[in-house]
Each structure stands twice: as structure tokens, then as C-alpha cells.
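Peer 1: this one's structure only:
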């Protein structure tokens, strides 16, 4: 135990020494000529910023140190520009899905160790090996004298222990066993698209406008924290096809994980801001019917959206009479995950989720969770706004209001009987008592003949 303590102290000192050594940076004037800024003087592999019109190569995009060069080796390939750098495609021309998953779930880690740190680390290792040897000898004596470590193993356990494990790397676009993962999404080559200006950004991704095969598209790029989310989103888009769900045009798995989608001018929230005063009630009813139809389809595929709201509904055409659901970063595929949590927007979360979260209990996502969110979304559509009343924003206020029988106020544009007997049923405190999305779709269709 004493030696183990000494080992820990030595390792701690070594790490301190390493961290101090990593804080040394070189003045730009002393950097290698290929670097604009660097962490080590006169080292072409230690650039931390590239000169204008130069490209970052031979390193993952998160790396803090890299090499810069003026031209990419493969002149037929374009440079991809993100953040403050350009990337040459020469090291990423052939990707394997296993590498993509590794970059999606494993952070890159690198450090440099100076000579004193290395010596300390070696001596610490020697101490550690000696302590292991002494401990092993002591345990061996105990085993011989007291049979302290003896135990009986069953034949099944022995067979499991003796069975060798073979790891196999697969390419999802070539292996039949994995072909279903993205079987309906085209894999886009880096030379087929151009990235334009940024349109929006969020916690897990940002969206650029761009060109794909010469046509205008939206390009969704996953941030480091959002790679798991975009992989989930790709799996959903690969599984669905509906006129009121935005269609994914393709994917690119490489330096960045990219999702290509049709470029839409407005979300429904922004469309209401600009044109809300001119939109007739019949169009609002059609929006609600289309969203209900899309949600009914998703539930038939055992998929929950888990973040339905008008910010995630896009205006599909220039006439403004068709909409489509987008943004499946929070979606849950019940065929693969039966215990997934509901992580949607607070104002659209169902009563049972808010109650569970108040006592830090898991809130399992179910189809009736989406039904509650649909009720709030219909309120937004007929109110022509994404703004929720102040007393329905805080989780405690929402729970308290519904427990007292208070509901969202009826929008002026919605028929009274439709609101009272149909939409308000989405807010039933008992999930099983809420209607299904198929029932809501049929009720809205039956009411559409009375709305002008």
C-alpha cells in the first residue's frame, strides 16, 4: 500500500509537470514559416493557426496542433471550410463507419511529455511493478496455506473463459449485415457539394446553406457534442417517407458528419411573424391536419418525435399551404429503445414528465407524450405564434395549473367545440386517456368542413 501511494504521488507530480510543459507557446515570429501561430518554435507540425488561403491537413478537425500547406495534394478534391480553417480531403478520401463512430463517441486526446516527466514516469512504473510482484507473492502464500482464493468454476464458465473473441471491422455500405442502417440514404462524395453561409446554430449542430449537385440545399453539421444525435437522426430519416416529413437528400460521413436536406425559407414560427395576419383559418386547420397525419405515420413506424413544436415545422412550398415536420435529433425509435427518456421542450412536455423530473425520476417517452406536445402545437398554430403564456412556461406553474384544471386559453381562430371536446383531450393527466394521433387526425378532418 505504501508503494502504491508513492506511485500515485509520482504520477501526480509527473502530470503536473506535463501540464506545465503544455502551456508553453511560441511567439508567432519564431514559428515555422508554414504556420501563422504555433505551440512550438520552428516545428511545422505544431501549427495552431494557418496563414490565409492555407489548409489544415493530417489531423482530426478537433486537434489543437496540425500541419499547414498552401495547396491540397489532390487538386480534383475541394477544400472543406468550417470554423476558422480549411481542410484538405487527402487523408479522408475513404472512410469506414467504424472510424466515424469512434470520432462520434471518443474525444481526441494528445499530450507531449518532457524528459524529466518521462524519467519520473519510468521510475513510477518500476515502483508499481515491484509492488505488484510483492502483492502477488503474498497472495500466493495465502492461497497455499488457507485456500483463500480457491473457487469452483462450472463447465459453462470454463467454456466461456476459454472461448476466443474475434473483433471484426465492417463497412456499413458494403456489409449486408449492416446494410439496413442507411439503406435509403445516398452517401454524398465531398466533390459533389459546396458549403455556403451559416443559417442557424444550436446546442448540438449548426446549419449552412449550400449546393448539392448544383441545387440549393440546407447542410446540417453536427458539433462534437451532437454527433450521437445526428446519427440517431440519420437512422430516422432512413426509415421514413411521408409528404409532410422533410426528406433527407443524402449524408456525408467524413471529417464532419453532414446531413443534406431541402432548403426551406421559413419555419412555421417565422412564417407567422411575417405573414400571420393574412393566413385564413382554413389554412391553419390544414396545417394541423398535415402535422397530425405525419405524427400518425411516425407512430405507425414506432417512432416518437419527442420535440414537436412549430419551430420544428417547416413551410414546404411558396404558396404557404403545406408544411412538413423536421428535426429528429430527439426522436426515439421504439423498435430499438423501449426505455428512452423524453427530452423535448419544457413548454411542450407532458404532465407526467414534468412531475417525474421534479423528483428526479426518469420520464419514459411514449406515444401519448407526443400527443400532449401536439395539443400545444395546435394551440401555437391557431394562435399564430411560438410564444407560450407566461403561466405555462415554468415547469412548476405548468404542473400546478393542470392539477387545478387550468388549461391554455382557447385561441380565437379555433372552433369552440373542436377545442373543448377534442384538442383539450390531449392534455388529460392520465396518458392512457388521451386520444391517439390517428384519432386526432380523423377528428380534425371531420371539423375541416366547418372552418372557412
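Peer 2: Good, I have the coordinates. These numbers were taken from a predicted model, which means no experiment stands behind them. Numbers count the residues shown, from 1 in each chain.
Peer 1: which residues touch residue 29?
Peer 2: Contacts for residue 29 were tallied using CB atoms under 8 Å, 6 or more residues apart in numbering; there are none. No exception for glycine: its C-beta is placed from N, CA and C like everyone else's.
Peer 1: Kindly provide the distance from it to residue 361.
Peer 2: Per CB to CB, to the nearest Å, residue 29 is found 59 Å from residue 361.
Peer 1: repeat for residue 409
Peer 2: On the measure of CB to CB, residue 409 and residue 361 end up 30 Å apart.
Peer 1: what do you get for residue 434?
Peer 2: Taken as CB to CB, the span from residue 434 to residue 361 is 20 Å.
Peer 1: For those two, indicate the residue with more neighbours.
Peer 2: Neighbour totals were compared for residue 434 and residue 361, and residue 434 leads with 24 against 11 (other CB atoms under 10 Å).
Peer 1: wait, doesn't the more buried one sit right on residue 372?
Peer 2: Yes - Residue 434 is within contact range of residue 372, at 6.9 Å (criterion: CB atoms under 8 Å).
Peer 1: hey, what's in contact with both of those two?
Peer 2: Jointly contacting residue 434 and residue 372 under the rule CB under 8 Å, 6+ apart are 426, 427.
Peer 1: helices or strands next to the helix or strand containing residue 378 in the packing?
Peer 2: Per DSSP states H and E: residue 378 is located in helix 367-383. The contact analysis (3 or more CB pairs under 8 Å, 6 or more residues apart in numbering; DSSP states H and E) places helix 367-383 against helix 281-300, strand 303-304, helix 437-448.
Peer 1: what's the closest of these to residue 88?
Peer 2: strand 303-304 (38.4 Å; CB to CB).
Peer 1: what's in contact with the closest one?
Peer 2: With contacts defined as CB under 8 Å, 6+ apart, strand 303-304 is touched by 236, 239-240, 298, 331-334, 340, 342, 365-367, 369-370.
Peer 1: Whichever helix or strand comes after that strand - contacts with which helices or strands?
Peer 2: Per DSSP H and E, strand 303-304 leads on to strand 313-315 as the next helix or strand towards the C-terminus. Counting by 3+ CB pairs under 8 Å, 6+ apart, the packing neighbours recorded for strand 313-315 are helix 268-275, strand 323-325.
Peer 1: 6 Å - rerun?
Peer 2: Helices and strands touching strand 313-315, by 3 or more CB pairs under 6 Å, 6 or more residues apart in numbering; DSSP states H and E, are strand 323-325.
Peer 1: Report the rounded mean pLDDT for the strand it packs on.
Peer 2: The average of the pLDDT scores along strand 323-325 is 98.
Peer 1: Return the distance of the next helix or strand after that strand from the chain's centre.
Peer 2: Using DSSP H and E, the helix or strand that follows strand 323-325 in sequence is strand 332-333. Between the centre of strand 332-333 and the centre of its chain there are 13 Å (CA atoms, centre = their mean, to the nearest Å).
Peer 1: Considering the contacts of strand 303-304, which possesses the most neighbours?
Peer 2: Neighbour counts for the contacts of strand 303-304 peak at residue 370, which has 29 neighbours (criterion: other CB under 10 Å).
Peer 1: quick one: contacts for the closest residue to residue 282 other than its chain neighbours?
Peer 2: Spatial nearest neighbour of residue 282, excluding adjacent residues (CB to CB, 6 or more residues apart in numbering): residue 451 at 5.2 Å. Going by CB atoms under 6 Å, 6 or more residues apart in numbering, residue 451 touches 281, 282, 285.
Peer 1: which of those residues count as buried?
Peer 2: residue 285 (16 or more other CB atoms under 10 Å).
Peer 1: ok, so of the contacts of residue 451, who is nearest residue 203?
Peer 2: When the contacts of residue 451 are compared against residue 203 (criterion: CB to CB), the nearest one is residue 285, at 33.5 Å.
Peer 1: where are the low-confidence patches of the stretch 201-350 of the chain?
Peer 2: Applying pLDDT under 70 to the stretch 201-350 of the chain picks out residues 225-226, 255, 339.
Peer 1: contacts for the host helix or strand of residue 234?
Peer 2: Assigning secondary structure by DSSP H and E places residue 234 in helix 227-239. Contacts to helix 227-239, defined as CB under 6 Å, 6+ apart, come from residues 104, 182, 184, 185, 204, 222, 248, 251, 257, 328, 329, 331.
Peer 1: Thanks a lot, catch you later.
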